[in-house]
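Trainee: model this:
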Amino acid sequence: MNNIKHLKQIKSFEDMAVFQKSYKLSLEVHRISLKLPKEEQYGLADQLRRASKSICANLAEGYGKQNISVVEFKRFILMSMGSSDEMRVWMRYCYDLGYITKEQWERYSEEYKHVAKMLNSLHREWGKSP
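Mentor: Numbers count the residues shown, from 1 in each chain. Okay, the predicted model is just below:
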């Protein structure tokens, strides 16, 4: 499907495939974070929850401003991209500290790489004319 044509079908931030994917991942990460040891709940677990949710929240906030400024929405997309890469670091800490399996770490690393690619595509295509 043509990316620009697909973008024209978006009527809400919830219509964006990247929002849907990152939201689903944030719920999974939230559940994982609650299982981390008590001593990690105010550090690593909190960072996991905040970074994973900030991808979705930045998309929603930026989308709300896109009618006024495409540039502003693109800035929020970039912030989401940063949070996606940040998630790969936090998940690596979880793996290296023995809180998740190698398979989980590899899966989440790939999932967040994919989210970053989706965000990059959205950033590149948003605001272009058909």
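Trainee: any idea which residue is closest to the centre of this structure?
Mentor: Nearest to the geometric centre of the chain sits residue 55, at 3.6 Å (CA atoms, centre = their mean).
Trainee: quick one, what contacts residue 41?
Mentor: In this structure, residue 41 makes contact with residue 33, judged by CB atoms under 8 Å, 6 or more residues apart in numbering. (Glycine included, C-beta is placed from N, CA and C.)
Trainee: ok, now how distant is it from residue 48?
Mentor: 10 Å (CB to CB, to the nearest Å).
Trainee: what do those two both touch?
Mentor: Contact criterion CB under 8 Å, 6+ apart; residues bridging residue 41 and residue 48 by contacting each: residue 33.
Trainee: okay, and for the protein, where does confidence drop off?
Mentor: Along the chain, segments meeting pLDDT under 70 span 1-8, 127-130.
Trainee: from the chain's centroid, how far away is the helix ranked longest in the chain?
Mentor: If you go by DSSP state H, the chain has its longest helix at helix 70-96. Distance, stretch centre to chain centre, for helix 70-96: 6 Å (CA atoms, centre = their mean, to the nearest Å).
Trainee: only alpha carbons, please: show the following helix or strand past it as CSV.
Mentor: Next along the chain after helix 70-96, taking DSSP states H and E as the criterion, comes helix 102-125. C-alpha atoms of helix 102-125 as CSV (Å, rounded to 0.1, in the frame of the first residue of the first chain):
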residue,chain,number,x,y,z
LYS,A,102,17.9,-14.2,25.8
GLU,A,103,14.9,-15.0,23.6
GLN,A,104,12.9,-12.3,25.3
TRP,A,105,15.7,-9.8,24.9
GLU,A,106,16.2,-10.6,21.2
ARG,A,107,12.5,-10.4,20.5
TYR,A,108,12.1,-7.0,22.2
SER,A,109,15.2,-5.7,20.6
GLU,A,110,13.8,-6.6,17.2
GLU,A,111,10.3,-5.3,18.0
TYR,A,112,11.7,-1.9,19.0
LYS,A,113,14.0,-1.8,16.0
HIS,A,114,10.8,-2.4,13.9
VAL,A,115,9.0,0.4,15.8
ALA,A,116,11.9,2.8,15.1
LYS,A,117,11.7,1.9,11.4
MET,A,118,8.0,2.5,11.3
LEU,A,119,8.5,5.9,13.1
ASN,A,120,11.2,6.8,10.6
SER,A,121,8.9,6.0,7.7
LEU,A,122,6.1,8.0,9.3
HIS,A,123,8.5,11.0,9.9
ARG,A,124,9.7,10.9,6.3
GLU,A,125,6.2,10.6,4.7
